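K.L.:
A predicted structure for the sequence below; I have some questions about it.
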Amino acid sequence: MAIHFHYDADLGILFTHAEGSLTLDEILRHLDEERDAKGIAHSEVFDATQARTDATAEQIRVVVQRMVEMHRQGSFGPTAVITNNDVLFGMASMLAILSELQDGPKVQAFRTFSEGLDWLVRMKKD
């Protein structure tokens, strides 16, 4: 599994690409790497169209807790998760709901890039 990201300064968006099986450890490592690279405050497109997961609900709660802690320490930009995998879409949707319930960062799952980018544009205007 690999998660890579780069920041597009012209668009003001962090583009992340994940492929293979997303594990809890890899997701937590990605969050730490993004924070260390000073990218956590930027709007993010998380392209998971080449990824899958067998994450559990409990593992999603761990990810949400880490995101909420990071959000409280400083700015955490909205994240659009793009996936065509039904399980990953469900887990990303759960992550979004739990984050919202805990006043964490904005996250939303989408099936297409255009939907995700449109949402990020709206988030920037708010």
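P.N.:
It's in. Residues are numbered from 1 along each chain as shown.
K.L.:
so what touches the helix-or-strand element of the chain with minimal mean pLDDT?
P.N.:
When the helices and strands of the chain are scored by mean pLDDT, DSSP states H and E, helix 113-125 comes last with a mean of 91. Residues from elsewhere that reach helix 113-125 (Cβ atoms under 8 Å, 6 or more residues apart in numbering): G12, I13, S43, V45, D47, P78, A80, V81, I82, K106, Q108, F110. Placement of C-beta: from N, CA and C, glycine included.
K.L.:
if we go to 7 Å?
P.N.:
Helix 113-125 has contacts (Cβ atoms under 7 Å, 6 or more residues apart in numbering) with I13, S43, V45, P78, A80, I82, K106, Q108, F110.
K.L.:
can you redo these as CSV with neighbour count and pLDDT?
P.N.:
Converted to CSV, the contacts of helix 113-125 look like this (neighbours: other Cβ atoms under 10 Å; pLDDT from 0 to 100):
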residue, neighbour count, pLDDT
I13, 20, 94
S43, 19, 96
V45, 22, 97
P78, 18, 97
A80, 25, 98
I82, 25, 98
K106, 18, 97
Q108, 20, 98
F110, 22, 98
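K.L.:
no further queries at this time; thank you.
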